[in-house]
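1. no sequence on this one, just coordinates:
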């Protein structure tokens with residue numbers, strides 16, 4: 001203990017000679033807890049020996065350094081809590097001043113549904129001022145999705161709209177045979193328009209807001225959402241791993257979109273993937289009849305929605321003038337359930353009460 005006191009004195013004397021008073025305070029603030037902890041340790045050892053020898057020990061003395069440390073730490077914690085409380089209103093005002101991104105996601109019941117939604121929700125949790133509109137392809141809300149959203153930590157709206165039987169893909173049909181998700185996206189747009197009408201078309205969540213159509217099986221960079229956040233009419237960007245190509249993208253010349261790099265039907269009004277554009281809510285409200293045509297030709301679903309609202313010259317290229325890929329089509333492989341089916345036949349299937 002005497003050695004440590006001498007060490008402290010040397011530090012003070014040395015810093016006084018060099019005039020480094022600030023660094024002295026920093027050194028002492030770091031050394032202080034060590035000294036106090038060491039004092040406490042030594043006193044505990046003495047206390048143990050005293051008890052071993054059958055002698056009484058005054059415990060108050062060795063508890064003092066520890067008490068001082070606890071008191072000091074409590075004081076510092078209190079100061080930090082006060083600083084955090086004061087900064088909260090500033091953070092909140094910054095957050096609410098951002099334009100809201102409304103994300104409309106169609107989803108349907110399948111083995112990988114919860115896994116897909118979990119991954120997607122974890123991306124959305126990192127995006128400030130985001131409102132998730134999740135629309136089930138179902139006659140009613142399912143307990144799985146309802147419970148999932150309630151525990152997600154996100155601001156959300158839970159809707160449902162069943163796809164007519166004649167528009168559904170049948171077992172074995174290729175995914176491109178019929179447009180998918182049209183009814184669910186239209187239901188999301190309907191809710192958005194009705195919510196805006198109830199608010200008189202104004203309000204903090206509608207001011208400069210944006211709507212984006214995010215499928216539940218894609219992969220999204222967080223940067224993508226900041227790129228789309230400030231959209232005046234329709235913003236566009238590349239999409240990776242789509243259409244049998246490494247990427248599809250708008251081709252930009254002198255800051256304007258002049259054509260699209262795509263391998264199939266480039267003559268379409270808007271040969272763009274659903275994940276490759278965002279629309280301002282104002283534009284959606286200005287064109288109340290704009291919707292996705294569930295009977296559109298293959299590859300024309302996006303065009304059926306965009307063609308009456310915007311021209312190619314008005315498109316706003318994002319992601320470094322459409323040079324950077326920030327979203328990818330990464331569909332999850334369909335699980336093979338042969339062993340599960342064999343066990344079910346034996347009456348040994350997995351517990352149906354365990355939600356997957």
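-> Arrived safely. Computed from a predicted model, the values in this text were never measured in an experiment.
2. need the helices for the stretch 201-350 of the chain, in chain order.
-> Taking DSSP state H, counting those that start in this stretch to define them, one finds helices in the stretch 201-350 of the chain at 222-228, 281-286, 301-306, 319-322, 338-345.
3. need the contact list for the residue nearest to residue 258 when sequence neighbours are not counted.
-> In space, and not counting its chain neighbours, residue 258 is closest to residue 251: 5.8 Å by Cβ to Cβ, 6 or more residues apart in numbering. No exception for glycine: its C-beta is placed from N, CA and C like everyone else's. With contacts defined as Cβ atoms under 8 Å, 6 or more residues apart in numbering, residue 251 is in contact with 257-261, 322.
4. So among those residues, which ones count as buried?
-> Neighbour-count burial (16 or more other Cβ atoms under 10 Å) is assigned, among these, to 257, 260, 322.
5. Might you report the residue contacts of the second one?
-> Contact partners of residue 260, counting by Cβ under 8 Å, 6+ apart, are 248-251, 266, 270-272.
6. hang on, the earlier thing: beta partners for the residue nearest to residue 258?
-> residue 259 (DSSP bridges).
7. Check the spacing between it and residue 272 real quick.
-> Here the criterion is Cβ to Cβ, to the nearest Å. By it, residue 251 lies 12 Å from residue 272.
8. Please apply the same query to residue 325.
-> 14 Å.
9. More neighbours: which of the two?
-> Using other Cβ atoms under 10 Å as the criterion, residue 325 and residue 272 rank with residue 272 on top: 26 against 19.
10. The buried ones among the contacts of residue 251 into CSV, with extra columns for distance to residue 218?
-> Shown next, in CSV, are the buried ones among the contacts of residue 251 (distance: Cβ to Cβ, whole Å):
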residue, distance to residue 218
257, 22
260, 19
322, 18
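11. which one of these sits closest to residue 185?
-> Closest approach to residue 185 among those (Cβ to Cβ): residue 260, at 21.0 Å.
12. Let me know the pLDDT of that closest one.
-> Note for residue 260: predicted pLDDT of 98.
13. That one - nearest residue in space that isn't next to it in sequence?
-> Per Cβ to Cβ, 6+ apart, closest to residue 260 is residue 271, 4.5 Å.
14. for that neighbour, what are its contacts?
-> The contact partners of residue 271, by Cβ under 8 Å, 6+ apart, come to 248, 260, 262, 264-265, 299, 303.
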